[in-house]
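A.B. asks: Need coordinates for the below:
(chains A and B)
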Protein chains: 2
Amino acid sequence: MLRIEFFWPVMVAVREAAERARQASYRLASLPLETRNKAIEDIANALLERSSIIMEANSRDLRSAEEQRLSQALVKRLRYDRSKIDESVESIRSLMAQEDVVGKLLARTELDEGLVLDKVSCPIGVIGVVFESRPDALVQISCLCLRSGNAVLLKGGTEAKETNLALAEAIDAALSADERLKDAVQVLSTREQFRELLKHDDLIDLIIPRGSNELVRSIMESTRVPVLGHAAGICHTYVDKSADLDMAVDVCYDAKVQYPAVCNAMETLLVHRDIAYDFLPRMASRYKEAKVELRGDEETRRAIGALPATEEDWKEEYNDTVLSIKVVSSLDEAIEHVNRFSSHHTDAIITSDHEAAARFMDLVDSSSVMWNASTRFADGYRYGLGAEVGISTNKTHARGPVGLEGLVIYKYKLRGNGQTVAEYVGKGGRRFTHRKII
Amino acid sequence: MLRIEFFWPVMVAVREAAERARQASYRLASLPLETRNKAIEDIANALLERSSIIMEANSRDLRSAEEQRLSQALVKRLRYDRSKIDESVESIRSLMAQEDVVGKLLARTELDEGLVLDKVSCPIGVIGVVFESRPDALVQISCLCLRSGNAVLLKGGTEAKETNLALAEAIDAALSADERLKDAVQVLSTREQFRELLKHDDLIDLIIPRGSNELVRSIMESTRVPVLGHAAGICHTYVDKSADLDMAVDVCYDAKVQYPAVCNAMETLLVHRDIAYDFLPRMASRYKEAKVELRGDEETRRAIGALPATEEDWKEEYNDTVLSIKVVSSLDEAIEHVNRFSSHHTDAIITSDHEAAARFMDLVDSSSVMWNASTRFADGYRYGLGAEVGISTNKTHARGPVGLEGLVIYKYKLRGNGQTVAEYVGKGGRRFTHRKII
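C.D. replies: All right, here's what the predicted structure looks like:
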């Protein structure tokens, strides 16, 4: 690993780091699973061996955070203590047990006798990652990239500067045993360096930003490298006229209240007119217990007490105990509202009508669509993907909660015995068999 | 279909067209295969019914092309006669027989009893396509998009203006029978309109440029919408020291000479020193028959007569009967050269050494890697993918020759019976089963 020195011109330094990462990616592409597993196991051991150094570094970060009076939420995310180190180690070990995503034979076609085409999964190459505050992200993402054979350049939050440095040194020590892992994980130290990295779309294959919506949006707007992530989480739940109202109350309570600060929490509740006057008063009394601020359209405010919702409310991600509510007169009106205002992250329908559920799930254009379940389930761990790279609202490559599979692509490998295209041309030419083997 | 009128402000018109395409994409997402097949069959029939109108329009384009003294190659591509119409119809019918890429169940996981997660393929949404000269591309791409449930906005070459208009009218007539297909295919008439379209990354999910490297590169540089394609085809063949030299001569002749103007033709030949003085003279005499201009590094020029190659030659796509040649002293030097100068499109090794072949195919970072076969095989038709959307050198989403599968993504569908995340939290909480069903 090489942390870039401050006195070096940023432009040159970052370009060189990216070039080294590219070279490392070629070496990583051919490493067998055992070598990749050994690398992340060594990182786990280095974390344990260096835990007191890491915790001391973290204490220094926590102290400056308190001196700078950073928010309690941020300080909480920043903390990296004994139990957090153990969690990181456990997460690395569970990653080792995951199925290998590299070198999978995805398809095999015989083009002609002795001419066989394989489609084989392989690492993407070089990944750039930027994340805020949580130091465990540095360990987790480095290990996800190594496990999937990718080289990675990371930039962590300045609040966690000391912790990140100690973690980088631990990773560095772990990987230094094997020459092939040189430059596989590199840590950038300034925001300026990461901004510079975004320019090198010839060397960086994918950017993964993990942090606030502002961070993600600003990165999406300033690079030609593909960005995997989501800039907003405006999730809806639609309570259909044929919903089981007890279920609807429980699910909608969970979707808003269980953890309002996250991207998969519900921001807008849509309710069918036929059950609105029955459902909304019951729902409102549950929300009252949790002090949820309700903002409703005109019809909602006929059924319950609520602040007036404006057009702006449909576009807002509160990330807080605030909820906008709208009464709709049909399933299709609900679908239309969702497709117009959703951030295409996660949207749910509560209904006992199978056809309505199928229509909602087919027509709502979101990465996760749910039937009779809380939007809060949209998450890599809950989906059983193991560690999560992030949640993507992209329409290409990877969508929804993304695990190791989002860090690979494929290549075609054609094996022949001297075939030329000229043999297959014209009336007398050879014909392709195109026989699907796998 | 709606062609945008000239007197309408471009900005507004294009935004509105894109919004209509987005609405159409929601309708298309739920159409069963029969409806999508019927739509493209109707297009095939409309082409046949209107063939004389189409051919007359094409004659007008050909006449202006000749008046403007456009190149013979361009005029040839522009021609859309009876046999070309029949080819389009045949290609649509073979598309109808392809396996459906929409609605495939890719994975099913039981998260807990009664809580089942499906990963299901679905259309990407709205595709923007720009292509040059060939009018058959308009028909082919419209049908590929419809078949995979995507809405499409197309812009063809100005040389084929009249033909494109006649084809657009035929498609329009074919789709007008079914209200659900409204705005599924829209044709833009000016380059300015397509430039405008590139700005609307909130409405357009993918851009596919089919045309010159300059066109592709300029589009990649001017949009934040993901672009599927390749800006260059700098393909290599490496003749290893243990190659069968007769085979090497045949394959390298084919890779350069069979059709030099295309992206999968070889531009640089790498030769291992141990066989260079035997192989190169034989190869050069074959190339002489085809009047291939050879440009070699110093060592090449010791073995055969050739113009001197400079560093610039390694970076150039000649698209012509010109070839650069370099002698290397090892497999790894060849791999390094390829990874440095290849456009990551297609690169081949000729060898009888299995290990060398495996190392080359693992370490060369290109969308297609080949062993003892001509680079010219890298093509959707030859790979058995059916009609081809294009060849992609991207590292995410779709790579290599891309067929219908490159026009879909997936969504997660979670079905429950009222589950909340709160039930799964803490020590006494329910545990996920994460049982893989498919």
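A.B. asks: CA atoms for contacts and neighbours, from now on please.
C.D. replies: Will do.
A.B. asks: Can you give me the end-to-end span of stretch A:139-156?
C.D. replies: From its first residue to its last, stretch A:139-156 covers 11 Å (C-alpha to C-alpha, to the nearest Å).
A.B. asks: and the closest residue in space to residue A:304 that isn't next to it in sequence, what helix or strand is that in?
C.D. replies: The shortest distance from residue A:304 to any non-neighbouring residue, by C-alpha to C-alpha, 6 or more residues apart in numbering or on different chains, is to residue A:281 (5.8 Å). In this assignment (DSSP states H and E), residue A:281 forms part of helix A:273-289.
A.B. asks: Does that helix pack against any helices or strands, and if so which?
C.D. replies: Using 3 or more C-alpha pairs under 8 Å, 6 or more residues apart in numbering or on different chains; DSSP states H and E as the contact test, the elements touching helix A:273-289 are helix A:245-257, helix A:298-303, strand A:322-328.
A.B. asks: hey, which of those is tucked in deepest?
C.D. replies: Across the helices and strands packed on helix A:273-289, averaging neighbours per residue (mean count of other C-alpha atoms under 10 Å in any protein chain shown) puts strand A:322-328 on top, at a mean of 24.
A.B. asks: For stretch A:195-215, which outside residues touch it?
C.D. replies: Applying C-alpha atoms under 8 Å, 6 or more residues apart in numbering or on different chains, the external contacts of stretch A:195-215 come out as A:10-11, A:14-15, A:18-19, A:22, A:124-132, A:216, A:219, A:222-232, A:389-390, B:395-396.
A.B. asks: Residue A:104: what's it in contact with?
C.D. replies: By C-alpha under 8 Å, 6+ apart, residue A:104 lies in contact with A:120, A:121, A:122.
A.B. asks: Looking at those residues, spot the one nearest residue B:81.
C.D. replies: residue A:120 (40.5 Å; C-alpha to C-alpha).
A.B. asks: right, and the secondary structure at the closest one would be what?
C.D. replies: strand (DSSP: H, G, I helix; E, B strand; the rest coil).
A.B. asks: does residue A:418 belong to a helix or a strand, and which?
C.D. replies: Assessed by DSSP H and E, residue A:418 sits inside strand A:408-419.
A.B. asks: Contact residues of the stretch 251-400 of chain A facing chain B?
C.D. replies: A:251, A:254-255, A:258, A:361-374, A:376-377, A:382-384, A:395-400 (C-alpha under 8 Å from any C-alpha of the partner chain).
A.B. asks: Identify those among the residues you listed that sit within helices.
C.D. replies: Using DSSP state H, A:251, A:254, A:255, A:361, A:362, A:363 are the members of those that sit in helices.
A.B. asks: roughly how far apart are the third one and residue B:438?
C.D. replies: If I follow you right, that is residue A:255. Computed as C-alpha to C-alpha, the residue A:255 to residue B:438 distance reads 28 Å.
A.B. asks: For the residue nearest to residue A:304, the count of nearby residues, please.
C.D. replies: Neighbour count of residue A:281, defined by other C-alpha atoms under 10 Å in any protein chain shown: 15.
A.B. asks: Show me which residues of whatever helix or strand residue A:144 lives in are buried.
C.D. replies: Residue A:144 is located in helix A:136-147, with elements delineated by DSSP H and E. Neighbour counts over helix A:136-147 (16 or more other C-alpha atoms under 10 Å in any protein chain shown) mark A:136, A:137, A:138, A:139, A:140, A:141, A:142, A:143, A:144, A:145, A:146, A:147 as buried.
A.B. asks: Equivalent analysis for stretch A:155-168, please.
C.D. replies: A:155-168.
A.B. asks: pLDDT, distance to chain B and secondary structure for those - can I get that in JSON lines?
C.D. replies: Below are the buried residues of stretch A:155-168 laid out as JSON lines (pLDDT from 0 to 100; distance: C-alpha to the nearest C-alpha, whole Å; DSSP: H, G, I helix; E, B strand; the rest coil):
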{"residue": "A:155", "pLDDT": "95", "distance to chain B": "22", "secondary structure": "strand"}
{"residue": "A:156", "pLDDT": "93", "distance to chain B": "24", "secondary structure": "coil"}
{"residue": "A:157", "pLDDT": "91", "distance to chain B": "26", "secondary structure": "coil"}
{"residue": "A:158", "pLDDT": "90", "distance to chain B": "28", "secondary structure": "helix"}
{"residue": "A:159", "pLDDT": "92", "distance to chain B": "29", "secondary structure": "helix"}
{"residue": "A:160", "pLDDT": "94", "distance to chain B": "28", "secondary structure": "helix"}
{"residue": "A:161", "pLDDT": "93", "distance to chain B": "31", "secondary structure": "helix"}
{"residue": "A:162", "pLDDT": "95", "distance to chain B": "31", "secondary structure": "helix"}
{"residue": "A:163", "pLDDT": "96", "distance to chain B": "28", "secondary structure": "helix"}
{"residue": "A:164", "pLDDT": "95", "distance to chain B": "29", "secondary structure": "helix"}
{"residue": "A:165", "pLDDT": "94", "distance to chain B": "30", "secondary structure": "helix"}
{"residue": "A:166", "pLDDT": "96", "distance to chain B": "31", "secondary structure": "helix"}
{"residue": "A:167", "pLDDT": "96", "distance to chain B": "29", "secondary structure": "helix"}
{"residue": "A:168", "pLDDT": "95", "distance to chain B": "27", "secondary structure": "helix"}
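A.B. asks: Most widely separated two among the residues you listed?
C.D. replies: The widest separation within those, taken as C-alpha to C-alpha, falls between A:159 and A:168 and amounts to 15.2 Å.
A.B. asks: So which elements touch the strand holding residue A:418?
C.D. replies: Packing contacts for strand A:408-419, counted by 3+ C-alpha pairs under 8 Å, 6+ apart, involve strand A:115-123, helix B:245-257, strand B:368-373.
A.B. asks: what is the mean pLDDT for whichever helix or strand comes after the shortest one?
C.D. replies: Sequence-wise, the next helix or strand downstream of strand B:368-373 (DSSP H and E) is strand B:390-392. When pLDDT is averaged over strand B:390-392, the result is 92.
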